[in-house]
Structures are given as structure tokens and as C-alpha cells.
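Q: no sequence on hand, only this structure:
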Ligand SMILES: Cc1ncc(COP(=O)(O)O)c(C=O)c1O
């Protein structure tokens, strides 16, 4: 395909042509220019079972052949099977209500609508605020962005984003103070990622934080929403990120790993108690046209079955611990502030915008490291914002091999040296 045409594909073209990916297999992307690239970012930290799984493709084809589309409130075999699989094998037992969307942002938006509709149905419409976190990302719909603390992604739209308070990142007392400052009777929900992903590069909270947040929500009658779009479905070495702290939310949101990247699929999971007042009013929540799409549900079932059959959640835990140890050696480089994470969700925080000899304050050398790594045949996901201005996210498929891990560590190390010097 001629370069001019390819260059016109992104909304905002850059000087770099986007890669054209011809096919993908396991952890490898095959580019049209002949290069093989190790997908150590799992795309956007979505690909957990690896690329090229024909079982998933077959399941999608079979579902599509049978029923291409039905109205979302109607039900197909694939949807029934996915709901049952999630309820019986994946979700905490309290989360009995399962809805599907086309991705993370839609799911977050739906979770917020659920929380607001819950309180409206209880005759408490004044509970309308959703407390987010200072460093957080929940998606790009205007509501998901409004509850996100990702400054650079918000900046252009700040003037139109609804005003939702933000709690400090890892400080339960800060949340308590915020609840009192805002007036707990005005707060519908608190939302947070179990491990902060794109904003802060796999920032793991201190041990008691999640249970303190749960307690505060209970004390103030506030719903707790966990955003498992990145951390869910094995990414952190447990089924869900929140499982590390044994906390059960009132609403959980999933995406990415739910279909392993094979179809646009998000999920919203909640309790009978959250839904009951809405149902009692005889109301539902309006659907998206592609909610619970049968082919996407089929991809979800097939992906979850592979995770189960191949014990890939455990693989994420064990390989993640191994990879974390190998990557921690990078902390010997002056540019690496910290390497951290859980399972195969690993962040490499870089010093950024501090050393005048890179590009001066505000520079994003991390983006250069990502570009260097890609040039050397490894994709890692760029991360960082606010207090963690520059980071890399390593989130490969759980099928990554030992040799691939070696290559990944070596290329990341070389790329950091190429940008920052030794
Ligand atoms: C924690 C979290 N929530 C929500 C989203 C938004 O998901 P999507 O891009 O599928 O809309 C993302 C995407 O990166 C995410 O990491």
C-alpha cells in the first residue's frame, strides 16, 4: 500500500508511518515491511492468551454463522454461556448481574450510570458524585474521562468535563477527608484501578489501602467500583487485581483480557442489591447497539477457556515474578527510578524531564525509549502522567517464553541506554 494512504489513517498524522501488521502468532507481530516484533505490551495490555488462536477465530466464525446480530436485551447461546462461565468460575459470588459492552470506556460509563440510577431509584438523586483517583485512567467517554485523573488525556476537554472529586493515590485518610469535605450524602461511588495502569506504570497500592477504601465506602453508604479493564482476567497473576486484597466491590468493570483482544468486549458485573431498586421501579439501563454482541461473547468464552485450560493465570503470576526480577536489574541504570508490578503487569518508571541533557523539563524520553525498542523489534506500552511523567508498561501475553523474556529485557535495557546514555 502506498505510504501516503497509510499516513492518512490516524486522525492526527505524525511523521512516523503507523506499522502495517500482516499477521500475528503467539507473542509475535509480523509487520508488512518484513520485521518481527515481540508484542511485550500485549497491544494495549489486552492480549493475554497470545495471538493467532484458531479456537477463538473458529468460535467467532461459528457464532457469526448462526446469528449475526440480535437486539441487545435479547439473548443468544453465546451470551448465556459467557454469563454462566463468568458467574461459575470467575466472578466473586456476590457479583451475580452481568452486562456486556464493546470495551472498557463503555463499561466504565455503564458502571457510573448504574450507580447513579441506583441512588436515583432510592430517592437519593443528590448522590451524584463519583470519586476518582488523582492518578487514574478509566477511558475516553466524557464521563470516563471526567472521573479519570489522567491530566494529559483530560487537558483539551477540561472545560466541559463534569466535576467529580479526586482522592489521593494511596492515602485512605485523604479519601476520608474528601468524603467529609464533599458531604458523603452527595457521593454515589468511589472508583479505582486495583493497580494503576497507563497513568502511573503499574503502581501497586500499599497493603491496607483497598480494605480501608472498602470500609469507608460501607461507612458512608457509597458504592465501590473497581476498574479491572487492565488488571482483570489474570493480568496481575490472580483472576482479578482486587483479589490480591480480598476485597469485593459493588460493581466491577472489565474489558481488554475478557476477550484477550480477539473482539471488542467489555463487561459490567454487579450485585442484586445494586440492581434491585432500579428493577423495582420497572426501569432498565439503555443498551448500546453492540452490547453483548454474540460474536464478541463467543470470543470471550473461547479466551476464558484457554486461560483456564492452560492455567494461564498461574503462568501470569509465576512468569511475572520471574520477569519482574529480571527487569529489576534495570534499576542499576540512573534513568530507571523503579521497576514494579504484579503478575505480567510490570511498570518501569523512568526519570523524566529532569535531565536537561535529554530534552529538558517536560520532555518525554519514555516515548523515545518505546520508539527505540520498537526499532529493535520489541513493543512496550508507553505510560505515565502527572507525578509519574514517564514510564513503560510491560504486559505481554501470558504465553511468553523464557527466550522471549530474555530478548525483552535485553532490548529494553539497550533502548534505555540508547536514549539516556549509559
Ligand atoms: C483501567 C482502564 N480503564 C478503562 C480503560 C478504557 O478502556 P477502552 O480503551 O477499552 O475503552 C482502559 C484502557 O486502557 C484502562 O486501562
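A: Received the coordinates, thanks. Nothing here was measured: the structure is a model prediction, and the numbers come from that model.
Q: what does the stretch 1-150 of the chain put close to the ligand?
A: With the criterion set to C-beta under 6 Å from any ligand atom, the stretch 1-150 of the chain comes near the ligand through 44, 103, 104, 105, 108, 137, 138, 139. Any C-beta I mention is one placed from the backbone N, CA and C, and that applies to glycine too.
Q: filter those residues down to the ones in strands?
A: In strands, judged by DSSP state E, none of those are found.
Q: tell me which two in those are the farthest apart.
A: Maximum pairwise distance in these, criterion C-beta to C-beta, is 15.1 Å, between 44 and 108.
Q: of those two, who's got more company?
A: residue 108 (31 against 17; other C-beta atoms under 10 Å).
Q: please read off the pLDDT at residue 360 from the model.
A: Note on residue 360: pLDDT of 54.
Q: what's the answer for residue 140, then?
A: Reading off the model, residue 140 has pLDDT 97.
Q: excluding its backbone neighbours, what's nearest it?
A: residue 105 (5.1 Å; C-beta to C-beta, 6 or more residues apart in numbering).
Q: counting neighbours, what do you get for that neighbour?
A: Count around residue 105 with other C-beta under 10 Å applied: 23.
Q: mind listing what it touches?
A: Contacts for residue 105 were tallied using C-beta atoms under 8 Å, 6 or more residues apart in numbering; they are 138, 139, 140, 141, 144, 266.
Q: now these in TSV, with neighbour count?
A: Formatted as TSV, those follow (neighbours: other C-beta atoms under 10 Å):
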residue	neighbour count
138	31
139	24
140	18
141	17
144	25
266	29
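Q: farthest-separated two in those residues?
A: Farthest pair in the contacts of residue 105, by C-beta to C-beta: 140 and 266, 12.7 Å.
Q: ok and the residue in the stretch 301-422 of the chain nearest the ligand?
A: At 9.1 Å from the ligand, residue 381 is the closest residue in the stretch 301-422 of the chain, using C-beta to the nearest ligand atom.
Q: now do the contacts for the most centrally placed residue in the chain.
A: Closest to where the C-alpha atoms of the chain average out (C-alpha atoms, centre = their mean) is residue 230, at 2.2 Å. If you count contacts by C-beta under 8 Å, 6+ apart, residue 230 has them with 45, 104, 193, 195, 197, 198, 256, 345, 395.
Q: for the third one, which non-adjacent residue is spatially closest?
A: Read that as residue 193. The shortest distance from residue 193 to any non-neighbouring residue, by C-beta to C-beta, 6+ apart, is to residue 227 (4.8 Å).
Q: just the closest of the residues of the stretch 1-150 of the chain next to the ligand to residue 117, please.
A: residue 108 (14.8 Å).
Q: doesn't residue 144 make contact with the closest one?
A: Yes: counting by C-beta atoms under 8 Å, residue 108 touches residue 144, with 4.4 Å between them.
Q: for these two, list the residues in contact with both.
A: residue 138.
Q: mind giving me the domain split of this protein?
A: 3-52+311-420, 54-309 (automatic domain parsing).
Q: so what's the gap between the longest one and the chain middle?
A: Taking the mean C-alpha point of domain 54-309 and that of its whole chain, the gap between them comes to 10 Å (C-alpha atoms, centre = their mean, to the nearest Å).
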